[in-house]
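Student: fold the stuff below for me.
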Amino acid sequence: MTELRRFFLALGYFTRIPVPAWVGWAPDELNRAARYFPLAGLVVAGISALVLWLAMAALPASLAVLLSMAASLRLTGAFHEDGLADSADGLGGGWQREDVLRIMKDSRIGTYGAVVLGMALLTKFVALDVLATQGWLACVALLVAHPLSRVAALVVMCALPYVRDDEGSRAKPVAQGVGATELLVGALTGLAPLALAVAGGVLSLPRAGVLLLAALLVTAWWARLLRRRLGGYTGDTLGATQQFAELACYLVLCAHLPVR
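Tutor: Residues are numbered from 1 along each chain as shown. This is a model prediction of the structure:
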């Protein structure tokens, strides 16, 4: 029951999906609930893939992809996209560490955030639209990329220190005490869909390997940038980590499509 409660805490933290009332709210448990962030991502992926599959039965692929993306944004409340936009504004508009953190905390979106967010959503739409032409490969992409990209965020949490000092930060309770156990459990659940896709013959082992390598390289690049510019991570940069890793998965899958 403890682990089930931690899963629901993760689901309630990262999504707008209602959780049972008995779960309550326990900020001091969020660091242990971090192990289920990839599993929460799989729930979002499953619903988004279902919307895509149903919509493709009646609508053109491009419209089905838009509906699936809208469902994903609704489920998460654009939580990760908001982090991407804030990170772009902060790192693009600030030179000193204090300036970057101050800009990232501003709820208003600036030029850097708007451009990066727009490009990310457009890239996601085009990539999924391309994958949708291959039938249900787009659904597989969602089921693989969402949980795997949450593993990338866990890697950053374990590799870097949390840099905000304010007690009101939403991410601070999550950041405290995340360790090897959370990363191991999260990696097992986050990589399971990719392993199942390989075992089922949906993805070849080389393609899966390149996909995993791309996600790791993007995560390593982003973590290095965060260490150099901020000395660690914030909640916003974790959202950006998830978005970058998710996009990397889609682009690799598109790059491996047969040439027509």
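Student: tell me the secondary structure at G239.
Tutor: helix (DSSP: H, G, I helix; E, B strand; the rest coil).
Student: quick check: chain neighbours aside, which residue is closest to it?
Tutor: The shortest distance from G239 to any non-neighbouring residue, by CB to CB, 6 or more residues apart in numbering, is to G83 (2.0 Å). The C-beta positions use only the backbone N, C-alpha and C, and glycine is treated the same way.
Student: the helix or strand hosting the one you found: how far from the chain's middle?
Tutor: Using DSSP states H and E, G83 sits in helix 79-93. Its chain's C-alpha centre and that of helix 79-93 lie 14 Å apart, by CA atoms, centre = their mean, to the nearest Å.
Student: where does pLDDT dip in the stretch 51-200 of the chain?
Tutor: In the predicted model, the stretch 51-200 of the chain carries pLDDT under 70 at residues 166-177.
Student: quick one, strands of it?
Tutor: In the stretch 51-200 of the chain, no segments count as strands under DSSP state E, counting those that start in this stretch.
Student: need the helices for it, in chain order.
Tutor: Here the stretch 51-200 of the chain has its helices, by DSSP state H, counting those that start in this stretch, at 61-76, 79-93, 97-105, 111-132, 137-159, 172-175, 180-199.
Student: what is the burial count for P161?
Tutor: 11 (other CB atoms under 10 Å).
Student: next up, phi/psi of it, please.
Tutor: Phi and psi for P161, reported as degrees, to the nearest 10, are phi -80, psi 160.
Student: now the angle between helix 111-132 and the helix holding G83, please.
Tutor: Interaxial angle, helix 79-93 versus helix 111-132 (axes from the mean of the first three to the mean of the last three CA atoms, to 10 degrees): 130 degrees.
Student: deepest of the helices of the stretch 51-200 of the chain, which one?
Tutor: helix 137-159 (a mean of 25; mean count of other CB atoms under 10 Å).
Student: put the alpha carbons of that one into CSV.
Tutor: C-alpha atoms of helix 137-159 as CSV (Å, rounded to 0.1, in the frame of the first residue of the first chain):
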residue,chain,number,x,y,z
LEU,A,137,4.2,3.2,-35.1
ALA,A,138,3.2,6.7,-33.7
CYS,A,139,1.4,4.9,-30.8
VAL,A,140,4.5,2.9,-30.1
ALA,A,141,6.5,6.1,-30.2
LEU,A,142,4.3,7.6,-27.5
LEU,A,143,4.5,4.6,-25.3
VAL,A,144,8.2,4.4,-25.5
ALA,A,145,9.1,8.1,-25.4
HIS,A,146,7.0,9.4,-22.5
PRO,A,147,8.3,7.0,-19.8
LEU,A,148,11.9,7.0,-21.1
SER,A,149,12.0,10.8,-21.1
ARG,A,150,10.9,10.8,-17.4
VAL,A,151,13.9,8.5,-16.7
ALA,A,152,16.1,11.3,-18.2
ALA,A,153,14.7,13.7,-15.7
LEU,A,154,15.5,11.2,-12.9
VAL,A,155,19.1,11.0,-14.2
VAL,A,156,19.5,14.8,-13.9
MET,A,157,18.0,14.7,-10.4
CYS,A,158,20.5,12.1,-9.3
ALA,A,159,23.5,13.7,-11.1
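Student: L230 contacts I103, correct?
Tutor: No. Using CB atoms under 8 Å, L230 makes no contact with I103, being 11.8 Å away.
Student: report all helices and strands that the longest helix anywhere in the chain contacts.
Tutor: Using DSSP state H to assign secondary structure, the helix with the most residues in the chain is helix 205-229. The contact analysis (3 or more CB pairs under 8 Å, 6 or more residues apart in numbering; DSSP states H and E) places helix 205-229 against helix 137-159, helix 180-199, helix 235-255.
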